[in-house]
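> below are the sequence and a predicted model; questions follow.
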Amino acid sequence: MFKKLFGGKSKEVSKDTTLVAPLTGTILPLSEVPDPVFSQKMMGDGFAIEPTEGQVVSPVEGEVVQLFHTKHAIGLKTAAGTEVLIHIGLETVAMEGEGFEAHIQQGDKVKVGSPLVTFDLELVKQKAKSTITPVVITNSDQMASFDVVAQGTVQKGQTESAKVTMK
């Protein structure tokens, strides 16, 4: 009787997170990112996408914990504790926000597929080192497992790209 009144045992938060593709394009292993910070997994494990269009959507349900003032990178955190960094292109911080438009702000709650940032893909091709966009689990040291499950072409907000289990 009391269990009904007080809800029984508390609901456990799943330690699993599925990341869907945050961009449409071709998925790549991090080892192919032409930047050692990402290719050598200094910031964490993950994958990268060579985008074919300039829109980034949320790969997870969670909270926006960081939006860089230049709008080139977004940090998200899931209920499972998975911390996801999406870094649009390489050396795009030097563009100082030119060609980037944020649709979220720090503290916003997002669902899979929620628009995060749109950017001018052609401008990034001209002004940045690369359009390749790393998607990194920044707290990889707290992961029990990480598997990239997609290959080839991925669709933003639709293609399951990786599965993470936290410790």
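Received, thanks.

> low-confidence regions, the chain specifically.
1-12 (pLDDT under 70).

> where do the strands of it begin and end?
Taking DSSP state E as the criterion, the chain carries its strands at 16-20, 25-29, 45-51, 55-57, 62-67, 73-77, 83-87, 100-102, 109-110, 115-119, 133-137, 143-148, 153-154, 160-166.

> highest average neighbour count across the ones you listed?
strand 133-137 (a mean of 25; mean count of other CB atoms under 10 Å). Placement of C-beta: from N, CA and C, glycine included.

> quick one: distance of stretch 23-33 to the chain centre.
Relative to the mean C-alpha coordinate of its chain, stretch 23-33 is positioned 12 Å out (CA atoms, centre = their mean, to the nearest Å).

> tell me how far the ends of it are from each other?
End-to-end distance of stretch 23-33 (CA to CA, to the nearest Å): 16 Å.

> so for the residue most central in space within the chain, what's the nearest residue that isn't a sequence neighbour?
For the chain, the residue sitting closest to the mean C-alpha position, by CA atoms, centre = their mean, is Ile86 at 4.1 Å. Leaving aside its chain neighbours, Ile86 sits nearest to Ile74 (4.9 Å; criterion: CB to CB, 6 or more residues apart in numbering).

> tell me the contacts of the one you found?
Val56, Val64, Gln66, Leu67, Phe68, Leu85, Ile86, Ile104, Leu116, Val117 (CB atoms under 8 Å, 6 or more residues apart in numbering).

> closest to Gly97 among the residues you listed?
Phe68 (8.8 Å; CB to CB).

> that closest one - how many residues pack around it?
Per other CB atoms under 10 Å, the neighbour tally for Phe68 reads 19.

> repeat that for Val60.
Neighbour count for Val60, taken as other CB under 10 Å: 22.

> list the contacts of the nearest residue to it once chain neighbours are set aside.
Computed as CB to CB, 6+ apart, the closest residue to Val60 that is not its neighbour in sequence is Thr78, at 5.0 Å. In this structure, Thr78 makes contact with Thr17, Val60, Glu61, Gly62, Val84, judged by CB under 8 Å, 6+ apart.

> in CSV: the contacts of Ile74, plus distance to Phe146.
Shown next, in CSV, are the contacts of Ile74 (distance: CB to CB, whole Å):
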residue, distance to Phe146
Val56, 21
Val64, 22
Gln66, 21
Leu67, 24
Phe68, 24
Leu85, 14
Ile86, 16
Ile104, 25
Leu116, 22
Val117, 24
